[in-house]
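In: Based on what follows, work out the 3D shape:
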Amino acid sequence: MITSAAVSRAAGPAAGLRYVVTVLTPTERLRVDAAGEGLYRSIHRESVDDVMRDVRAARADAVVLSVNYCERASTEPVATMVREFPRVPTLALLSDFGPRTPQTLLSLGTSGVRRLIDVRDAGGWRSLRAALTDECGNSVQRLAIRRLGEDLASVPPDCWRFFQAIFLCPSWVSSVRRLAESLDVLPSTLMSRFFRANLPAPKRYLAMARLVRAAHLFENRGFSVANIANHLEYSSPQSFGRHVRAILGVTALEFRERYDGEGMLERFRQELVLPHLDRLRTLAPLRHVTSSTQSQPRT
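Out: Numbering: from 1, shown residues only. You can find the predicted model right below:
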C-alpha cells in the first residue's frame, strides 16, 4: 500500500523533503516556512493534541513549538509526546520574551524539550534551519551510513551506492524491482551479480535494512505495530509480522522488545557485511554508474 504522503515525498521537486509539524503564531508560521524552503514542508496545527495525531500517524520528522503558545497552554501534553516519541525531535521556538517566558522555558525543559532556538534576530532563523537539517535526518540512517562507510571503505563505487540506496531510499522502495529501478539497473542483473559473487540476495539486504528502520521507529513507544507497518509501506500489520518472522524467526512484538535501531544495525553488519567483505570488495552490481554517483565511503 502506497499512501498519499509517500507519493508526495517521492514525486516532483519536493521529493526528499521532510515534514515538520508545528504549533506557532501566524507570524512565526511565515518565517518557519521561509526558513525551510528546500529542506522541509511545514504542517501547521492549532494544538499539541493535533500534533500528536500527526506524530502517531508517522507524518512528523520533527516538531516545532512556539514558546508563546506554550505560555498560554499546559505543557503536560508536550511531556506526554516527548515521552512516547523520543525519536521525533521537538524544538522550542522563542520569538518574543515576556514576563512568563522564564517559567515556560523551565516547564518545557522539565517536559523533555532539550533544544531551544532563539529567533529574535536574523541569525536565529539560520540556526533553526541548521537544527532541522540535523534533527530531520533519520539518526539510524546516518549511523548506518557512517558504520558501513568504515566497513566498506575499499569496495567499488557502485557497491557502495547499493548500500547507500537500501538505507536512504524512500520507504515505498520495498522490493528488489523498485530498488533496481532507482539504481538504473535491471532486477535480473542486480540479482545475478550477487548470486555469481556467492553473496546473500539483494532482497535479503533490503529486507534487513527495512527492519533496521523498523527497530529505530519502535524506539518510540507511542508507535503501534500498525503505525510502523503503515510508515514502512507494508500492506498490513499482518504482512509486517510475517516479514519479521520470515527474516528473524520472532513475532513483531518480540522484535520490538529485542532490538533497537542500533542493535538491528549491528545484526545487519554481522550477518550481511563483515563475513562477506572479501567478496564485497570485488562486487560491481550495477550496470550504469555515473561520475556523479562514484563516491567512495569515507572513514
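
In: all helices in the stretch 1-150 of the chain, in order from the N-terminus.
Out: 4-10, 26-35, 48-56, 67-71, 76-84, 101-111, 122-136, 139-151 (DSSP state H, counting those that start in this stretch).

In: Just the CA coordinates for the third one, please, in CSV.
Out: Listed in CSV are the C-alpha atoms of helix 48-56, where the atom choice follows Å, rounded to 0.1, in the frame of the first residue of the first chain:
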residue,chain,number,x,y,z
VAL,A,48,-0.2,19.9,20.7
ASP,A,49,-3.1,17.3,20.6
ASP,A,50,-3.3,18.0,16.9
VAL,A,51,0.4,17.5,16.6
MET,A,52,0.2,14.2,18.5
ARG,A,53,-2.1,12.8,15.8
ASP,A,54,0.4,13.6,13.1
VAL,A,55,3.2,12.1,15.2
ARG,A,56,1.2,8.9,15.8
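
In: Same list (the helices of the stretch 1-150 of the chain) but as CSV, adding distance to Leu272, mean neighbour count and mean pLDDT.
Out: From N, CA and C alone the C-beta is placed, and that goes for glycine too. Formatted as CSV, the helices of the stretch 1-150 of the chain follow (distance: least, Cβ to Cβ, whole Å; neighbours: other Cβ atoms under 10 Å; pLDDT from 0 to 100):
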stretch, distance to Leu272, mean neighbour count, mean pLDDT
helix 4-10, 26, 15, 33
helix 26-35, 39, 16, 91
helix 48-56, 32, 19, 92
helix 67-71, 45, 21, 92
helix 76-84, 32, 17, 92
helix 101-111, 40, 16, 93
helix 122-136, 27, 16, 78
helix 139-151, 10, 17, 88
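
In: Quick one, which of those gets closest to Val176.
Out: helix 4-10 (17.5 Å; Cβ to Cβ).

In: OK, contacts around Ala226?
Out: By Cβ atoms under 8 Å, 6 or more residues apart in numbering, the residues touching Ala226 are Pro237.

In: For Ser175, find the nearest of the helices of the stretch 1-150 of the chain.
Out: Nearest to Ser175 among the helices of the stretch 1-150 of the chain is helix 4-10; the distance by Cβ to Cβ comes to 14.0 Å.

In: how much space between the nearest residue to Arg126 once chain neighbours are set aside and Ala60?
Out: What sits nearest to Arg126 in space, not counting adjacent residues and going by Cβ to Cβ, 6 or more residues apart in numbering, is Ala35, at 7.8 Å. Per Cβ to Cβ, to the nearest Å, Ala35 is found 17 Å from Ala60.

In: now do Asp118
Out: Distance, Asp118 to Ala60, by Cβ to Cβ: 23 Å.

In: And for Ser139?
Out: 15 Å.

In: just Val113 next, same as before
Out: With distances taken as Cβ to Cβ, Val113 is found 15 Å from Ala60.

In: Which residue ranges of the protein form strands?
Out: With DSSP state E as the criterion, the chain has strands at 18-23, 40-44, 62-66, 90-94, 115-118.

In: Each with direction, which strands does the fourth one pair with?
Out: Neighbouring strands of strand 90-94 in its sheet, by DSSP bridges, are strand 62-66 (parallel), strand 115-118 (parallel).

In: Contacts for it next, please.
Out: 24, 28, 32, 62-67, 70, 78, 81-82, 101, 105, 108, 112-113, 115-120, 128, 131-132, 135.

In: can you state the direction angle for that strand and helix 48-56?
Out: 140 degrees (axes from the mean of the first three to the mean of the last three Cα atoms, to 10 degrees).
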